[in-house]
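Enquirer: Fold the following and give me the result.
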Amino acid sequence: MEHKVMASMQEEGKVKVKLGPKSFQSSMDMFNYFYNLLHHWPFNVYLNKYEDLALLELVKKGHTEAEKKISGGIRGFQVGKHPLWKSRCFFLIKQDYSVEDFSFRKCVHRILPLPPHMINPSHKPSHNGASRGGRRGRRPHGRGRR
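Expert: Numbers count the residues shown, from 1 in each chain. As a prediction, this is how the structure comes out:
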C-alpha cells in the first residue's frame, strides 16, 4: 500500500527527497543524477564536497547497513572499477583508507521505489528453469566446428 501511495505522489510531482544540497522529485530524477555522476566522474578521484554530501545522505537513508558502512568516519567518495563485476561503482573511502563499495541503485530504490524495469534482476534462474544467458549448456567449439 505504501509503495502505491508513494508512486501516485511521485506521478503528481509532490514527492521531494533532499539528499545533502540536492532535491529530487522522483526516483528516476535521483537515479539519473547518480547514474550520470557515476559515468562521468574519473576513476580514483575524490568527489567534491557537494557530491560527497549527496552520496553520504544516499547511503544513510537508503543503505540497509548504513551504520556499518560509515562507522569510523569517512574521507570521501570515489568512482572506481568493481574488482568482481568489472563495472563502474561508487566507493566510500573510510578514515583508515579502507574501501567500501555500495549500490546506488539499491539505495535509491529503498528511498523511493524505482519502476519495475529499473530494478536489477536477480542472478537466480527464472521460474521456468532457464538461465540468464550464456551458452545454455552447449559444448564449446574451440577452434571451429568439426
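Enquirer: Please report the distance of the spatially most central residue of the chain from residue 96.
Expert: Central residue check for the chain by C-alpha atoms, centre = their mean: the C-alpha nearest the mean position is that of residue 104, 2.3 Å away. Residue 104 is 23 Å from residue 96, where distance means C-beta to C-beta, to the nearest Å. In short, each C-beta sits where N, CA and C put it, glycine included.
Enquirer: if I read this right, the residue nearest to the centre of the chain contacts residue 90, doesn't it?
Expert: Yes: the pair residue 104 / residue 90 is scored as a contact, 5.6 Å apart, by C-beta atoms under 8 Å.
Enquirer: which residues do the two both contact?
Expert: When contacts are counted by C-beta atoms under 8 Å, 6 or more residues apart in numbering, residue 104 and residue 90 have 34, 38, 55 as shared neighbours.
Enquirer: element containing the first one, please.
Expert: To tie it back to what came earlier, the one meant is residue 34. Residue 34 belongs to helix 27-40 when assigned by DSSP states H and E.
Enquirer: pLDDT on that helix, on average?
Expert: Mean per-residue pLDDT for helix 27-40: 97.
Enquirer: Does anything pack onto whichever helix or strand comes after it? Which helices or strands?
Expert: Sequence order places helix 49-62 as the next helix or strand after helix 27-40, per DSSP H and E. When contacts are defined as 3 or more C-beta pairs under 8 Å, 6 or more residues apart in numbering; DSSP states H and E, helix 49-62 packs onto strand 17-19, helix 27-40, helix 66-70, strand 74-81, strand 88-94, helix 104-111.
Enquirer: Let's see that with 6 Å instead.
Expert: strand 17-19, helix 66-70, strand 74-81, helix 104-111 (3 or more C-beta pairs under 6 Å, 6 or more residues apart in numbering; DSSP states H and E).
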